[in-house]
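Chemist: sequence first, predicted model second:
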Amino acid sequence: SQQGEEDPQALSIQEGENATMNCSYKTSINNLQWYRQNSGRGLVHLILIRSNEREKHSGRLRVTLDTSKKSSSLLITASRAADTASYFCATDGGTSYGKLTFGQGTILTVHP
Amino acid sequence: EAQVTQNPRYLITVTGKKLTVTCSQNMNHEYMSWYRQDPGLGLRQIYYSMNVEVTDKGDVPEGYKVSRKEKRNFPLILESPSPNQTSLYFCASSPGDRGYTGELFFGEGSRLTVL
């Protein structure tokens, strides 16, 4: 089964609203990353949070990590139509560097 | 411009006809990896390479081969393609010099159809 699983699978909001996506994983990790993908394009790295960090910010993005619950959330504040994309979390294999596992993604649609 | 370049971007082929998808990066990255993306299944790792001449299997290596003879190149080889290998393929690279995988830089993808 997938190491990282996103929730919800799809999210539809209005411009200006906040968007929250969640990721759960099963085994211990060294770090967790979030990526964005515009339709059919390559993924773009958004943010990386290490297992000993609880929260990280980058512009309008806020990522939290709860290792006791094996979950992470990505918050996009004041969303824009240009934020419309798929968002994926990715976890490494804990003791196995290099083996990166992606979740199935959340499709975010931001309506103007 | 720092980039990961994949070729071909689109390919339609027939069952059993060997093909190679090339991947090249110009960022002197140690780590490279291949993924396939299928609807409802997200991205699944095929193979990865921590450095030249070092490759390891990901989650779905069956039917694929890779080689890492040079740092910049990491070709994906399908010796005898089958229809279940129809997919969107991504190559990615990362500095890989910090003791963890780190931020991945992705190519634009190669859409492969096997008839």
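Modeler: On my side now, so go ahead. Keep in mind the model is a prediction, meaning the values are calculated, not measured.
Chemist: could I get the contacting residues of the residue positioned nearest the centre of chain B?
Modeler: Nearest residue to the geometric centre of chain B (Cα atoms, centre = their mean): residue B:34, 2.8 Å. Going by Cβ atoms under 8 Å, 6 or more residues apart in numbering or on different chains, residue B:34 touches B:23, B:45-48, B:58, B:64, B:66, B:74, B:76, B:89-92. All C-beta spots, glycine's among them, are computed from the backbone N, C-alpha and C.
Chemist: where's it, which helix or strand?
Modeler: Residue B:34 is part of strand B:31-38 when elements are defined by DSSP states H and E.
Chemist: who does that strand pair up with?
Modeler: If you go by DSSP bridges, strand B:31-38 pairs up with strand B:42-51 (antiparallel), strand B:87-94 (antiparallel).
Chemist: list of residues touching the longest one?
Modeler: Spelled out, that is strand B:42-51. The list of residues contacting strand B:42-51 from outside it, by Cβ under 8 Å, 6+ apart, reads A:2, A:43, A:88, A:97-105, B:30-38, B:55-61, B:64, B:66, B:68, B:71, B:74, B:76, B:89-90, B:96.
Chemist: quick revisit: closest one of the contacts of residue B:34 to residue B:103?
Modeler: Distance ranking of these against residue B:103, using Cβ to Cβ, places residue B:92 first at 9.7 Å.
Chemist: bridged to that closest one, which residues?
Modeler: Applying DSSP bridges, one finds that residue B:92 bridges with residue B:33, residue B:106.
Chemist: who's in contact with it?
Modeler: A:43, B:4, B:32-35, B:104-107.
Chemist: need the worst-confidence member of these.
Modeler: Lowest in pLDDT among the contacts of residue B:92 is residue B:104, which has 92.
Chemist: next, count neighbours for the closest residue to residue B:18 other than its chain neighbours.
Modeler: Closest residue in space to residue B:18, ignoring its immediate chain neighbours: residue B:79 at 5.5 Å, by Cβ to Cβ, 6 or more residues apart in numbering or on different chains. Residues lying near residue B:79 (other Cβ atoms under 10 Å in any protein chain shown) number 11.
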